[in-house]
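In: sharing a model that was predicted from the sequence below.
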Amino acid sequence: MPELPEVETVANGLNKRVAGTTIESVWIGEKRQPLKSTARAIAKMLEGARIKVVRRVGKHIVADLEEETGDPRGQWIIHLGMTGSTLVVDPAADLPKHTHLIAKLSSGKEIRFVDPRMFGKLAVTPTSKLFAAPGLEPLQVSFDDFQRLFRGRNTPIKSALLNQKLLSGVGNIYADESLYRARIRPRRKAKSLTRAELARLHEKLGEVLREAVELGGSSVNDYVDSEGNEGFFQLRHNVYQRTGKPCLVCKTPIKRFVIGGRSSHYCPECQK
DNA sequence: AGGTTGACCTGGACGC
DNA sequence: TGCGTCCAGGTCAACC
């Protein structure tokens, strides 16, 4: 499900509700697919840990864990995949199918990781190997660095935007929406973009991501934040999943095609 | 090395 | 009602 704005919304919501609390016990389900560390390692890292802060790094949620003394203990890394959610709930709340982990907190609440398709990931890491995103942060990248990422690349700009080793956090929705705002066709080779086009893309990508964060992300299928609330940015989509509907600027029907195995949407009139 | 494809999963929507 | 098909916001390994 979630790209940068959705992950940011979840991470901020978690931080607000669980920072400073201690994880008293952990339940882990039978399914091993979502676990990128062993169940034993996850339980050992989480049980007894105090959550210092929860934040977004790329598309990952990172919880910094500390001892009761305040010494650092390690990190809990969550990736939501396509359908994952991380909720803070009352223990009496209905237990959804596909719940893979429950962390009982000193506050009396629970953190639950739920993921039907199991493309999400749970991992823990010691302080000696702190988590880092593979690429640059889309909300902070300078224009010079942005240009350098795409210059000389023979792949479509859409695919380059989705490459997490270049920018970490952009997914299918915001790639399509930023290319629309920058008036660039998704199929264009990255290396064919002019300096002016790259400047527009740099500006519009930041703009669309910031607007989406403000509106709590896009709820297209099943995305909800840490309190179970939907986002509102889907109401502002110009092209994503609007195939055949009129462009909001020129009325031309929005086209869809597949690129790199992902559906892509664009206005054939506004985007060149 | 950079680029492309298909595999990993469940479930909802749609057509017949 | 049921069955088949297509689609889905993300990686990641395996190929060229």
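Out: Sure, I can see it.
In: can you give me the helices in the stretch 1-150 of chain A?
Out: A:4-18, A:39-46, A:143-150 (DSSP state H, counting those that start in this stretch).
In: okay, the ones you listed, which one's buried deepest?
Out: helix A:4-18 (a mean of 23; mean count of other Cβ atoms under 10 Å). C-beta here means a position set from N, CA and C on the backbone, and glycine is covered the same way.
In: and that one with DNA strand C, contact?
Out: Yes - Helix A:4-18 is in contact with DNA strand C by Cβ under 7 Å from any atom of the strand, via A:Glu6.
In: who are the packing partners of that helix?
Out: Contact analysis of helix A:4-18 by 3 or more Cβ pairs under 8 Å, 6 or more residues apart in numbering; DSSP states H and E lists strand A:50-57, strand A:60-66, strand A:85-89, helix A:195-214 as its packing neighbours.
In: possible to save those as JSON lines with mean neighbour count?
Out: Shown next, in JSON lines, are the helices and strands packed on helix A:4-18 (neighbours: other Cβ atoms under 10 Å):
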{"stretch": "strand A:50-57", "mean neighbour count": "20"}
{"stretch": "strand A:60-66", "mean neighbour count": "22"}
{"stretch": "strand A:85-89", "mean neighbour count": "23"}
{"stretch": "helix A:195-214", "mean neighbour count": "18"}
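In: follow-up on the earlier one: format the helices of the stretch 1-150 of chain A as TSV; extra columns: distance to DNA strand B and mean pLDDT.
Out: Below are the helices of the stretch 1-150 of chain A laid out as TSV (distance: least, Cβ to the nearest atom of the strand, whole Å; pLDDT from 0 to 100):
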stretch	distance to DNA strand B	mean pLDDT
helix A:4-18	18	97
helix A:39-46	17	97
helix A:143-150	9	96
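In: spell out which parts of the stretch 1-150 of chain A neighbour DNA strand C.
Out: Close to DNA strand C, as judged by Cβ under 7 Å from any atom of the strand, the stretch 1-150 of chain A has residues A:1-3, A:6, A:58-59, A:79, A:81-82, A:117, A:119, A:121.
In: filter those residues down to the buried ones.
Out: Among those, the ones that count as buried by 16 or more other Cβ atoms under 10 Å are A:1-3, A:6, A:58-59, A:79, A:81-82, A:121.
In: closest one of the residues you listed to DNA strand B?
Out: A:Met82 (7.5 Å; Cβ to the nearest atom of the strand).
In: with adjacent residues omitted, what lies nearest to the closest one?
Out: A:Phe119 (4.9 Å; Cβ to Cβ, 6 or more residues apart in numbering).
In: my guess is that neighbour meets A:Lys59, correct?
Out: No - if you go by Cβ atoms under 8 Å, A:Phe119 and A:Lys59 don't touch, sitting 11.5 Å apart.
In: so what's A:Glu47 up against?
Out: A:23-26 (Cβ atoms under 8 Å, 6 or more residues apart in numbering).
In: let's see that with 6 Å instead.
Out: A:Val26 (Cβ atoms under 6 Å, 6 or more residues apart in numbering).
In: same question, A:Cys247
Out: Per Cβ under 6 Å, 6+ apart, neighbours of A:Cys247: A:267, A:270.
In: thank you kindly, that will do.
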